[in-house]
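S.K.: Prediction below, plus the sequence it came from.
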Amino acid sequence: MPPRPCQLCSNNRAMIKRPKTGQQVCKECFFFAFEEEIHKTISDANTFKRGERVAIGASGGKDSTVLAHVMKTLNERHDYGLELFLLSIDEGITGYRDDSLETVKRNKEQYQLPLKILSYNELYGWTMDRIVEAVGKKNNCTFCGVFRRQALDRGASSLNISHIVTGHNADDVAETVLMNILRGDVSRLGRCVEITTRGEDTINRSKPFKYTYEKEIVMYAYFKKLDYFSTECIYSPEAYRGFARTYIKDLEALRPSTIIDIIHSAENIRISEVVQDALPKQQKCQRCGYISSNELCKACVLLQGLEKGTAKMAIGSKAKHVSQEVSSDTRTIPMFKMPDQQVRNNQTNQTNQAKQSV
Ligand SMILES: Nc1ncnc2c1ncn2[C@@H]1O[C@H](COP(=O)(O)OP(=O)(O)OP(=O)(O)O)[C@@H](O)[C@H]1O
């Protein structure tokens, strides 16, 4: 059978069948189409301001490694004018995160980007290895997720950065939509499909891979021969999320557009004002100053549970009513500080001067 030509350039031999579109394309056209679709996602949503300092949440895994590579490529190709940094959180998981951080350190050299590593141990006085010893494997993902979210914001803030991008891809977003529906979590249903979540007292978070299929990220990393770490976390993943993931993968095998269709469905759901008014209002944690929907943020509640030896109780719904009292010898999280107002103002001024956003 004669070689099949690329359906995009018609010159080269097709090497890849795109999981997202089914098109048969050559390597070069795949790379370009993949990158430019991400550029479209970024520019359609005016995601960045020119001159902005942006931290790439870098775990060393395939998604964030491809993200670092693509952000650097697009920043240069389309002159976004961004100052990019790698930001890694060391959760303290021996045999997993220590190895993946070695990959990030190599990425720092390969992409010539500054790297900041912040550890749970430094910030909370606990590693995930010790947390798992204390709470067991069943609920450890709750601790890790809550602690990572804050650690990323605190790491960014220490670099005077008010925008983080993560490698969450279309499969992750579709999975989160499904989980929010299954849990009846209306407030998160709307937010989880936004490319950027913004707020006065929060660090902006963006997902440039919101419409990018995981299978294509794997192909991109493979054909570009990127240096990434491919082992799964050694602590068991959250079982409920695992079911949602498998369900979506099964549907994708039958109809590849399922992933995008789920995302589009959630984008078009309108939450009634009655429901919105009933949602908890955002405030600052009374202990550490981090954004929270209760008097104490989730990280402070979880840390207090760990310190007092009542960590399992801290996970449940009664955790909101945890005592505010904390003895002077109990470890607490340092006060959260948003990036310097000055920096934010400067960024706005630069933006106004440049009158441009990407
Ligand atoms: N330890 C970490 N340090 C910095 N960023 C992280 C860390 N863990 C996760 N992230 C960010 O959150 C995104 C989603 O994380 P998740 O745990 O779902 O991993 P993943 O889907 O396996 O991604 P990756 O392949 O990048 O590890 C990552 O792509 C990355 O941007």
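M.R.: It's in. Please read these numbers as outputs of a predicted model, since none were measured by experiment.
S.K.: Residue 211 versus residue 23, what's the distance?
M.R.: 16 Å (C-beta to C-beta, to the nearest Å). In short, each C-beta sits where N, CA and C put it, glycine included.
S.K.: And residue 141, how close does it get to residue 237?
M.R.: 7 Å.
S.K.: before we move on, what about residue 313?
M.R.: For residue 313, the distance to residue 237 - C-beta to C-beta - is 23 Å.
S.K.: just residue 250 next, same as before
M.R.: Distance from residue 250 to residue 237, by C-beta to C-beta: 17 Å.
S.K.: again, but for residue 91
M.R.: Distance, residue 91 to residue 237, using C-beta to C-beta: 14 Å.
S.K.: Who has more neighbours out of these two?
M.R.: residue 91 (25 against 12; other C-beta atoms under 10 Å).
S.K.: Which pLDDT does the model give the more buried one?
M.R.: As predicted, residue 91 sits at a pLDDT of 97.
S.K.: OK, contacts around the residue nearest to it when sequence neighbours are not counted?
M.R.: Among residues not flanking residue 91 along the chain, residue 128 sits closest, at 4.5 Å (C-beta to C-beta, 6 or more residues apart in numbering). By C-beta atoms under 8 Å, 6 or more residues apart in numbering, the contact set of residue 128 is 91, 92, 93, 97, 120, 140, 143, 144, 235.
S.K.: these two touch, right, residue 290 and residue 337?
M.R.: No. Look at residue 290 against residue 337 with C-beta atoms under 8 Å: they stay out of range, at 10.0 Å.
S.K.: Same drill for those two, tell me which one is more crowded.
M.R.: residue 290 (22 against 11).
S.K.: Which of the three states applies to the closest residue to that one other than its chain neighbours?
M.R.: Sequence neighbours aside, residue 336 is the residue nearest to residue 290 in space, at 4.3 Å (criterion: C-beta to C-beta, 6+ apart). Using DSSP: H, G, I helix; E, B strand; the rest coil, the structure places residue 336 in coil.
S.K.: quick one: contacts for residue 336?
M.R.: 150, 153, 154, 157, 285, 288, 289, 290.
S.K.: farthest pair in those?
M.R.: Taking C-beta to C-beta, the two most distant members of the contacts of residue 336 are 157 and 285; they sit 14.4 Å apart.
S.K.: Run a quick neighbour tally on the residue of the stretch 101-250 of the chain found nearest the ligand.
M.R.: Relative to the ligand, the nearest point of the stretch 101-250 of the chain is residue 167 (2.5 Å; C-beta to the nearest ligand atom). The local packing of residue 167 (other C-beta under 10 Å) involves 24 other residues.
S.K.: what residue ranges in the stretch 201-350 of the chain score low on pLDDT?
M.R.: 316-329, 341-350 (pLDDT under 70).
S.K.: any idea of the pLDDT on the spatially most central residue of the chain?
M.R.: What sits nearest the mean C-alpha location of the chain, by C-alpha atoms, centre = their mean, is residue 166, with 3.5 Å. For residue 166, the pLDDT comes out at 98.
S.K.: Distance of it relative to residue 113?
M.R.: For residue 166, the distance to residue 113 - C-beta to C-beta - is 15 Å.
S.K.: circling back to that earlier point, what sits in contact with each of residue 91 and residue 237?
M.R.: Going by C-beta under 8 Å, 6+ apart, no residue sits against residue 91 while also sitting against residue 237.
S.K.: need the residues of the stretch 101-250 of the chain near the ligand, please.
M.R.: 148, 166, 167, 168, 172 (C-beta under 6 Å from any ligand atom).
S.K.: Phi first, then psi, for the closest residue to the last one other than its chain neighbours.
M.R.: When the adjacent residues along the chain are set aside, residue 172 lies closest to residue 214, with 7.7 Å between them (C-beta to C-beta, 6+ apart). When quoted as degrees, to the nearest 10, the phi and psi of residue 214 stand at phi -60, psi -40.
S.K.: Kind regards, and thank you for your time.
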